[in-house]
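Trainee: What would the 3D arrangement of this be:
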Amino acid sequence: QVQLVESGGGLVQAGGSLRLSCAASGRTFRSLSMGWFRRAPGKEREFVAGISWSGGSTSFADSVKGRFSISRDNAKNTVYLQMNSLKPEDTAVYYCAVVFSSGSGWYPQYDYWGQGTQVTVSS
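Mentor: Numbers count the residues shown, from 1 in each chain. Here you go, the predicted structure:
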């Protein structure tokens, strides 16, 4: 099973930027679609962004479209989430996961989550 370690979170003012990283173990990483999810206090975990194994297909939640981008470096077994124009409502713990896509969206492939990385956006 792929092990995932998220990093890059922190405290930032509204309008600022952060780049999250997710380092994955395992030689199968380059064949896996990957995604980012987040859980805000008192809310359910929600999909943020996804990227196919080749990087040729991406998807974003409506709430982050135009502000966030997702990329991957298969040589480094790492997926990134670039977050710009951050808003206080982006405050959450961010997790990466192996995902699959269907006609209705992108979903976690496994019920496995790393420790996450905290993003806090102050107003």
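Trainee: So which residue is smack in the middle of this structure?
Mentor: Nearest to the mean C-alpha position of the chain, by C-alpha atoms, centre = their mean, lies W36 at 2.2 Å.
Trainee: what packs against the strand ranked longest in the chain?
Mentor: The single longest strand within the chain, with elements called by DSSP state E, is strand 92-102. Strand 92-102 sits against strand 4-7, strand 18-24, strand 33-39, strand 46-51, strand 78-83, strand 105-108, strand 117-122, with contacts defined as 3 or more C-beta pairs under 8 Å, 6 or more residues apart in numbering; DSSP states H and E. For every residue, glycine as well, the C-beta is placed using N, CA and C.
Trainee: That one vs strand 33-39, what angle?
Mentor: The directions of strand 92-102 and strand 33-39 differ by 140 degrees, with axes from the mean of the first three to the mean of the last three C-alpha atoms, to 10 degrees as the criterion.
Trainee: wait, what's in contact with the closest residue to R67 other than its chain neighbours?
Mentor: Of all residues not flanking R67 in the chain, S85 sits nearest, at 4.6 Å (C-beta to C-beta, 6 or more residues apart in numbering). Each residue near S85 by C-beta atoms under 8 Å, 6 or more residues apart in numbering is listed here: 15, 17, 67.
Trainee: Which one (most neighbours) among the residues you listed?
Mentor: R67 (15 neighbours; other C-beta atoms under 10 Å).
Trainee: Let me see the contact set for that one.
Mentor: Applying C-beta under 8 Å, 6+ apart, the residues contacting R67 are 83-86.
Trainee: What subset of those residues is buried?
Mentor: 83, 86 (16 or more other C-beta atoms under 10 Å).
Trainee: Check the contacts of R67 and tell me the two furthest apart.
Mentor: Of all pairs drawn from those, the one with the longest distance (C-beta to C-beta) is M83 and S85, at 8.2 Å.
Trainee: Was I right to think V98 contacts L32?
Mentor: Yes. The pair V98 / L32 is scored as a contact, 5.0 Å apart, by C-beta atoms under 8 Å.
Trainee: Give me the common contacts of those two.
Mentor: By C-beta under 8 Å, 6+ apart, the residues touching both V98 and L32 are 2, 109.
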